[in-house]
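J.: Give me coordinates for this.
(one chain, ligands or ions: 1)
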Amino acid sequence: MIKIAGLGISGIYLYHRLRNSGFDVSGYDPQKDNYYNPCGYATNEFKMSEYMSKINIDFKDYILSRAESITFSGNNFTGKTLTPNGLCTFDKNKLETDSRKGIKRQIIAQKNGDIIIDATGISRSYLGQNNADIQYKTLEYLTEESNFPDFYFYFLPRGRGYFWSFPLGNKFHIGIGSRTTEDFYMVRKYKKIKVASRNIRMAPLFNPVWKGNIIGVGEAIGTVSPLTGEGILPSIKSAEILFDCISKYGTQNLGEIYEEKIGKEFGYYAKLASMVSNIQKGNIVKIENIRSIKYAKKTINEFGIQFNILPFIRHFVK
Ligand SMILES: Cc1cc2nc3c(=O)[nH]c(=O)nc-3n(C[C@H](O)[C@H](O)[C@H](O)COP(=O)(O)OP(=O)(O)OC[C@H]3O[C@@H](n4cnc5c(N)ncnc54)[C@H](O)[C@@H]3O)c2cc1C
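T.: Model prediction:
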């Protein structure tokens, strides 16, 4: 039996993919349905719609706001307007609650022959802690007002994180992810309806992505863009890769096969994480950073933003 621990977006997706293909699968998550998920709820509508259609969800029913213009700003530049290419926010809580309804929750009891999926996100409850882990602190408010009507990003000095304001229909998510809590004042000045906060994993943990009969997906293995913090689609993508491996190859040597495919798809996250770390240390003009510029462009484009990197290099070089 395949037992999925963690019914966040990656666990839910994997559950339905496996179940709909006839696999013997169960899921467990102690989280209550009315829990307010700490996340900006921003994603790429086009890519998300494709994945959701595979588990019979019509993604457009959950969209709250579509970006019309996107502002990128930073300590050395004041607001560049970028063109969206799918960037939107959606009701992540509702989508997750609705799609968990058909899942019979069963506490994970390990038996011989079981495959355990660690989809427990930041907790890594089954794979365990890893010394290479890099986590940022976050603080996010749900608000009725924002100084920014459309999608807004402000990149903190020395690449230590960013502030965001995303519209959610008639409300906003205003948040910050940073190496340090000293930047949290930027969010605290807003009037909050709710607070949502947890650490976010900002570097991949792909060596290994498995341990014995335990296999990790999603943020548990660090499928979060080290530059943008985008983790929803990358985590779903990791679940799709695992589903594909199980469907094609069964459970024999599953860990090795899956790890190789994750490395191929997300290997560039290690390069991005290293670029961000170099910037944070002040080592900006490094040949490996220049080589990674194409990956920075790729990860921003995938989030649903048309992006040309050159005007932004100045922000980091100055
Ligand atoms: C403040 C913030 C803002 C973000 N904004 C964005 C954004 O705008 N766009 C974007 O793409 N990404 C964003 N992310 C990242 C994104 O939310 C995550 O990377 C993504 O949701 C990861 O999905 P997941 O399924 O791997 O893990 P999660 O969604 O974290 O799910 C893990 C689940 O495991 C459960 N669990 C924990 N321990 C156990 C256990 N022992 N047994 C069983 N279950 C367990 C938890 O209850 C949880 O439901 C943000 C993250 C944060 C913190």
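
J.: where in the stretch 1-150 of the chain is pLDDT low?
T.: The stretch 1-150 of the chain contains no residues with pLDDT under 70.

J.: Any residues of it in contact with the ligand? List them.
T.: Those residues of the stretch 1-150 of the chain that sit near the ligand, judged by CB under 6 Å from any ligand atom, are 5-11, 28-31, 38-43, 119-123, 125, 138, 140. In this view, the C-beta of every residue, glycine as well, is placed from N, C-alpha and C.

J.: again, 5 Å this time
T.: With CB under 5 Å from any ligand atom as the criterion, the stretch 1-150 of the chain meets the ligand at residues 5-6, 8-10, 29, 31, 38-40, 42, 120-121, 123, 125, 138, 140.

J.: What separation do you get for the closest residue to the ligand within the stretch 1-150 of the chain and residue 17?
T.: Residue nearest to the ligand within the stretch 1-150 of the chain: residue 8 (2.0 Å; CB to the nearest ligand atom). Relative to residue 17, residue 8 is positioned 15 Å away (CB to CB, to the nearest Å).

J.: cool, residue 190 as well?
T.: According to CB to CB, residue 190 stands 38 Å off from residue 17.

J.: Of these two, which one has the most company?
T.: Applying other CB atoms under 10 Å to residue 190 and residue 17 shows that residue 17 carries more neighbours, namely 22 against 18.

J.: Identify the residue spatially nearest to that one, adjacent ones excluded.
T.: residue 243 (4.3 Å; CB to CB, 6 or more residues apart in numbering).

J.: Could you report the neighbour count for that neighbour?
T.: By other CB under 10 Å, neighbour count at residue 243 equals 21.

J.: Begin at 25 from now on, thanks
T.: Taking 25 as the first residue, the last one we looked at is residue 267.

J.: Is the strand or helix carrying it positioned near the ligand?
T.: Here residue 267 sits within helix 256-273, counting by DSSP states H and E. Yes. Applying CB under 5 Å from any ligand atom, one finds helix 256-273 in contact with the ligand at 256, 259.

J.: Report the distance from that helix to the chain centre.
T.: How far helix 256-273 lies from its chain's middle: 15 Å, per CA atoms, centre = their mean, to the nearest Å.

J.: Strands of the stretch 225-342 of the chain, start to end?
T.: Along the stretch 225-342 of the chain, counting by DSSP state E, counting those that start in this stretch, strands occupy 234-235, 238-240.

J.: can those strands go into TSV with extra columns for mean neighbour count and mean pLDDT?
T.: Shown next, in TSV, are the strands of the stretch 225-342 of the chain (neighbours: other CB atoms under 10 Å; pLDDT from 0 to 100):
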stretch	mean neighbour count	mean pLDDT
strand 234-235	18	96
strand 238-240	27	98
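
J.: need the ones you listed in TSV with distance to residue 73, can you?
T.: As requested, the strands of the stretch 225-342 of the chain are exported to TSV (distance: least, CB to CB, whole Å):
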stretch	distance to residue 73
strand 234-235	30
strand 238-240	26
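
J.: So for the ligand, which of those sits nearest?
T.: Among these, the nearest to the ligand by CB to the nearest ligand atom is strand 238-240 (9.0 Å).

J.: who touches that closest one?
T.: Residues outside strand 238-240 that contact it (CB atoms under 8 Å, 6 or more residues apart in numbering) are 139-143, 148, 150-151, 229, 233-234, 266, 278-279, 282.
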